[in-house]
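Asker: Please find the sequence and the predicted model below.
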Amino acid sequence: MSGAEERGEARYDVPLAVPAPDAEPARRNGHRRATMAAAAPAPDADGADVAGDEVAPRKAVAKKAIAKKAVAKKAVAKKAPGGTTGAPGDTGGPAAGRPGDRTAGERPDGVTGAAAPPGPAVADRPGDHWDRKVAKGLAFLRRRLSGDYEVDEFGFDPDLTDAVFHPLVRLLYRDWFRTEVTGVEHVPEAGPGLVVGNHSGTVALDALVLATALHDRHPAHRYLRLLGADLVFRMPVVSEIARKTGGTVACNPDAERLLGNGELVGVFPEGFKGVGKLYADRYKLQRFGRGGFVSAALRTGTPIVPVAIVGGEEIYPMLADIKPLARLLKLPYFPVTPTFPWLGPLGMVPLPSKWLIEFCPPIPTAHLRDSADDPLVVFNLADQVRETIQQTLHKLLERRPDPFGP
Amino acid sequence: MTPGGTPGAPGVVVVTGVGRYLGAHVAARLAADPRIERVIGVDPAAPNPELADLLAGVERIRLDLDSLGGLLVDLDVDAVVHLALVSAPDPQQGGRAAMKEQNVIGTMQLLAACQRAPRLRKLVVRSSTAAYGVSFRDPAVFTEETEPREVPRGGFGRDILDIEGYVRGFRRRRPGVTATVLRFAPFIGSTADTTLTRYFSQPVVPTVFGRDPRLQFVHFDDALEVLHRSVAEDHPGTYNVAGPGVLSLSQAIRRAGRVAVPVLEPGLAGVASVARNLGIGRYGLDQVDLFVHGRVVDTTRLEREYGFTPRSTAAAFDDFIRAHHGGVVVTRDQLAVAEQLVLEGIRQVRAAVRERS
C-alpha cells in the first residue's frame, strides 16, 4: 500500500494510465475486458482481440439476420461472379466494375471499411465479423505468396509482424502473464527514443512482451526495434524471426542508424548476464557493459526511456547452470529449472507469473551530444539509467507481493 | 601537355574486359559520348559474336594485361576503366585458378602499367559489395567505411579484397590520379546474364533453410550510367552502387513466381558443387554466403556525389521478372483468382450452414 502512495507523488507529473493498485484489484486493470468493451461497439478491421464469450451473443443475433438474407446473397453471388474477382485493386485486377454488388445494396461500408487495401468485396453484411476475418486472412495469404509487401533495410516486415507475431505474443502477455503496463506516456509519440530495460527469464521473452505491449498500448502504436545479441543472428530460423519482427544485431552502427531514422529502439544492456542469472539473483541488475547504448543515444541526441519489467524472472526460474554442457553446446549457459529439462518439451512452458511493466520518465541527452566519447559522461548516464530501473523494480515488486497472483 | 577532351572528360580511354558483357556495353557507351575522343577496348580473347556489333565504334586490341604498359604510354591514355573481373569460376576456362589469375594478377599488372603511364589521370575500378565480407556480427547496412570483420570464404570475395588492397596502394603511389572504386551490388536487368539472373530464372530455386537474406540489386543500365559518369566526371573515392530498398530472398522468389526449396546449410555447399559438376549452375561459396547473410549497403554517398539515384532494388527486379516470365510457376493473377474462389467457397458453405440451422 505504501508503494501505491509513493507512486502518486512527485516523480510523476503525468497522470498514470492505470489507477493505483489499492483502488482496484490487479485483475480488473487487465486490459482484456477493457479493450473488449472498447472494441465491441465498433469492431474495427484489425480487431485481433476476439474472445469466444464476447462473440457468441453477437453471432446468435447475426445468424437470424443472415438467415433471412442468405437467399438474396446467393443470388448476388451467382449474378455477379465477375464482381468477386475485382478485389485485388492494387494488383491492377478488374477492380472497377462491381455493379452487381452495388445494386444489391447490402454492403454499403463492408467493402471499403473491412478490407480496404486489397480485400475482396462481397461482405454480406457490415457486422459480419467472421467474414471479414476470413477475407482479411486470405488477402494476407495472397500478399505473402505473391511477395506483395515491403521489407525495410534491416529486414523488418510490418505486414508479418502485425498479422502473425503480435497476435501470438499478445496471447502470451495478456492472457498468460496478465501484464499491466504503466507510464506509456513517457515513450515519445514520434521521433527517436531509446528504451532501456532489465533483462531476465532464461529465455528472453521479456523483449518480445515489451515490444508487443508497447505497440498495443502506445497511442501511436509504435514498433520497438530490438537490438539482439549476435547469438540470435547465428541461429537459423530464429535470426529471421528476429529480423522480420524489427530486430537487428546490437552494434553501434545499427543503433545509430535506427535512431537516425527516428525509430524507437529497445536495448537490454545486461545481455546474457541478465537473462542467464540464477533465480536467487532475481531482480538484481547486472553490470551494464561498456555503455554502448548511452554513446549511441548521445551521438544522436536521443532521449533514454528506462523501463522496469517485473515478472520475467519467474517464468523459467533458473536453479542451476550446467557450465560444461553450455560450453559443449556453445551456449552462454545451460539452465536447470523446476521443469526443464525434467519434463522435456513440457518444461518449455513458461510459468504464469504476474507481469508489471513501467516506463520511467525520459532522460534527455540532446545537450550532451558532444560528450559521446567522454567515458565519464557515458558511465554516469549508464549508472543513472541503471539506478532508475533498479529503484522502479523494487517499487513494482512491493506492488506485487505474490509473483503468481492475479 | 594538356590532356585531350573537354574538361573533366578524358580524351583517350582504355576499357579492359570488353570481351565480356559489361565491358562491351561500357565501351560502346563511352564511344557514343562525343566528349571522349577515343575508346580502346582491351581483352585477351575475341569478344562474343553477339557483342561484336556493339563494339563497332571501339578500337579493339587483343592483349594480355601484362603487356599493357607500353600501350598506355604509346597512346597517351588519359583514363583506364578496369572491368576485367570474373565473378565465378568457369570450368571451361580453367576454373578457380584462372579466375584468380585474371582477377588478382591481372589487376596487379594493370595497376603496375598505370603507375608508369605519365599522362594517366583517371582510374575506374569495378569492385563488388562482396568487399564487406560476411559475418554474423555485421551491421545490417554497410557504409563505405565499414571494414570487413571476417575474410569471406568465397573466391570472388577474397579476390575483391585483394584488388581493393592493390588500388589503395596505387592511390598512395600516384595521388595525382583520380581513382574511383565502385562497389556494385549484384547486377540484374532485362538483358543481363549473371549467376543471380540464372538462379532466379529456374522454376525451382534452392535456398538455405532458416535463412531469408536481405538482397539488393543494381539495374544493369544504372550500373552503366554510374560507370559512364565516373569516366566523364571526377569522382575520386569508393562508392556503393546499389538500388535503394531491399528485397528478402523469399520475397524475390515469390515475386518472380518461382518456388523456393529450402536446403539445410551444411548440405548446400555439397549440393552446389554437385550442381557445378553437372554443369547446371555455377554457385560457389560466394553465393552460399550471400544467401545466408544477405548484404545491404548504404548509397547516400553515391546519390550525393553523382547526383544520381539508381532505380530501386524492387523496380530493377521487376524489370528482370518481366523479361524472364518463362519459368513462372504461380502468377499473381492466379493467386488472386484462387483467393476469390476460396473466399467464395467459404461463404457459400457458411450460407448453407446458416440456412440449415
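Answerer: In hand now; what should we look at?
Asker: Count the neighbours of residue 332 for me.
Answerer: In the absence of a named chain, chain A is used. 15 (other C-beta atoms under 10 Å in any protein chain shown). To be clear about C-beta, it is placed using only N, CA and C from the backbone, and glycine gets the same treatment.
Asker: switch to chain B, that's the one I care about
Answerer: Number of residues near residue B:332 (other C-beta under 10 Å) recorded here: 20.
Asker: Surely it touches residue A:146?
Answerer: Yes: with contact defined as C-beta atoms under 8 Å, residue B:332 reaches residue A:146; the gap is 4.5 Å.
Asker: Please state the backbone phi and psi of the nearest residue to residue A:197 once chain neighbours are set aside?
Answerer: Excluding the flanking residues, the one nearest residue A:197 by C-beta to C-beta, 6 or more residues apart in numbering or on different chains is residue A:307, at 4.4 Å. With angles defined as degrees, to the nearest 10, residue A:307 shows backbone torsions of phi -140, psi 140.
Asker: From chain B, how far off is residue A:307?
Answerer: To chain B, residue A:307 is 24 Å away according to C-beta to the nearest C-beta, to the nearest Å.
Asker: ok, that residue - contacts?
Answerer: Applying C-beta atoms under 8 Å, 6 or more residues apart in numbering or on different chains, we find residue A:307 in contact with A:195, A:196, A:197, A:198, A:210, A:357, A:358, A:359, A:360, A:389.
Asker: What about those, which are in strands?
Answerer: Filtering the contacts of residue A:307 for membership in strands, criterion DSSP state E, returns A:195, A:196, A:197, A:357, A:358, A:359.
Asker: Relative to chain B, how far out is the last one?
Answerer: Using C-beta to the nearest C-beta, we find residue A:359 at a distance of 26 Å from chain B.
Asker: pretty sure that residue contacts residue A:182?
Answerer: Yes: proximity of residue A:359 to residue A:182 meets the contact threshold set by C-beta under 8 Å, at 7.2 Å.
Asker: mind listing what residue A:304 touches?
Answerer: For residue A:304, the set of contacting residues under the criterion of C-beta under 8 Å, 6+ apart consists of A:194, A:196, A:293, A:294, A:297, A:362, A:363, A:365, A:381, A:385.
Asker: just checking, which of the residues you listed belong to strands?
Answerer: Residues of these located in strands (DSSP E): A:194, A:196.
Asker: okay, the contacts of residue A:304 in TSV with pLDDT next?
Answerer: TSV is the format used below for those (pLDDT from 0 to 100):
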residue	pLDDT
A:194	97
A:196	96
A:293	93
A:294	94
A:297	95
A:362	96
A:363	96
A:365	93
A:381	94
A:385	95
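Asker: returning to that earlier point: what about the residue nearest to residue A:197, distance to residue B:33?
Answerer: 59 Å (C-beta to C-beta, to the nearest Å).
Asker: neighbours around the residue of the stretch 51-200 of chain B found nearest chain A, how many?
Answerer: Distance from chain A to each residue of the stretch 51-200 of chain B (C-beta to the nearest C-beta) is smallest for residue B:139, at 4.0 Å. Residue B:139: 22 surrounding residues under other C-beta under 10 Å.
Asker: Could you do residue A:159 as well?
Answerer: The number of residues packed around residue A:159, counting by other C-beta under 10 Å, is 15.
Asker: Can you tell me the SS state at it?
Answerer: Three states are possible here, and by DSSP: H, G, I helix; E, B strand; the rest coil the one that applies to residue A:159 is helix.
Asker: So for it, what's the pLDDT?
Answerer: Reading off the confidence values, residue A:159 has pLDDT 94.
Asker: do residue A:223 as well
Answerer: The per-residue confidence score, pLDDT, reads 96 for residue A:223.
Asker: List the contacts of the closest residue to chain A within the stretch 101-250 of chain B.
Answerer: With distances taken as C-beta to the nearest C-beta, the stretch 101-250 of chain B approaches chain A most closely at residue B:210, which sits 2.6 Å away. By C-beta under 8 Å, 6+ apart, the contact list for residue B:210 reads A:235, A:236, A:237, A:238, A:239, A:240, B:262, B:265.
Asker: The host helix or strand of the fifth one and chain B in contact?
Answerer: Here residue A:239 is covered by helix A:238-244, with elements defined by DSSP states H and E. Yes: using C-beta under 8 Å from any C-beta of the partner chain, a contact is recorded between helix A:238-244 and chain B, made by A:238, A:239, A:240, A:243, A:244.
Asker: one step back: what number of residues are in the vicinity of the closest residue in space to the residue of the stretch 51-200 of chain B closest to chain A that isn't next to it in sequence?
Answerer: Leaving out its chain neighbours, the residue that sits closest to residue B:139 by C-beta to C-beta, 6+ apart is residue A:253, at 4.0 Å. The number of residues packed around residue A:253, counting by other C-beta under 10 Å, is 19.
Asker: go on, residue A:211?
Answerer: As a burial measure, residue A:211 scores 26 neighbours (other C-beta under 10 Å).
Asker: who's the nearest residue to it once chain neighbours are set aside bridged to?
Answerer: Once flanking residues are discounted, residue A:211 sits nearest to residue A:224: 4.1 Å by C-beta to C-beta, 6+ apart. For residue A:224, the beta-bridge partners are residue A:264 (DSSP bridges).
Asker: Where does the stretch 251-400 of chain A get nearest to chain B, residue-wise?
Answerer: Here the stretch 251-400 of chain A gets closest to chain B at one residue, residue A:253, 4.0 Å apart by C-beta to the nearest C-beta.
Asker: what's the distance between the residue of the stretch 51-200 of chain B closest to chain A and residue B:246?
Answerer: As it turns out, when the distance is counted by C-beta to C-beta, residue B:139 lies 14 Å from residue B:246.
Asker: Same check on residue B:344?
Answerer: Counting by C-beta to C-beta - residue B:344 and residue B:246 are separated by 35 Å.
Asker: Who wins on neighbours among the contacts of residue A:304?
Answerer: Using other C-beta under 10 Å as the contact criterion, the top neighbour count among the contacts of residue A:304 goes to residue A:297, which has 32 neighbours.
Asker: For that one, give me its contacts.
Answerer: Applying C-beta under 8 Å, 6+ apart, the residues contacting residue A:297 are A:194, A:259, A:303, A:304, A:365.
Asker: Go again with 10 Å.
Answerer: A:192-194, A:196, A:255-256, A:259, A:265, A:267, A:291, A:303-304, A:363-366, A:368-369, A:372, A:378, A:381, A:385 (C-beta atoms under 10 Å, 6 or more residues apart in numbering or on different chains).
Asker: what's the answer for residue B:181, then?
Answerer: When contacts are counted by C-beta under 10 Å, 6+ apart, residue B:181 is found next to B:82, B:123-127, B:131, B:144, B:163-164, B:167-168, B:171, B:230, B:236-239.
Asker: check contacts around residue 168.
Answerer: Just so you know, I chose chain A. Contacts here follow C-beta under 10 Å, 6+ apart; on that basis residue A:168 touches A:208, A:212.
Asker: I was thinking of chain B, sorry if that wasn't clear
Answerer: B:179, B:181, B:238.
Asker: partners of the last one in the sheet?
Answerer: This means residue B:238. Applying DSSP bridges to residue B:238, the residues it is bridged with are residue B:181.
Asker: Right, I'll leave it there.
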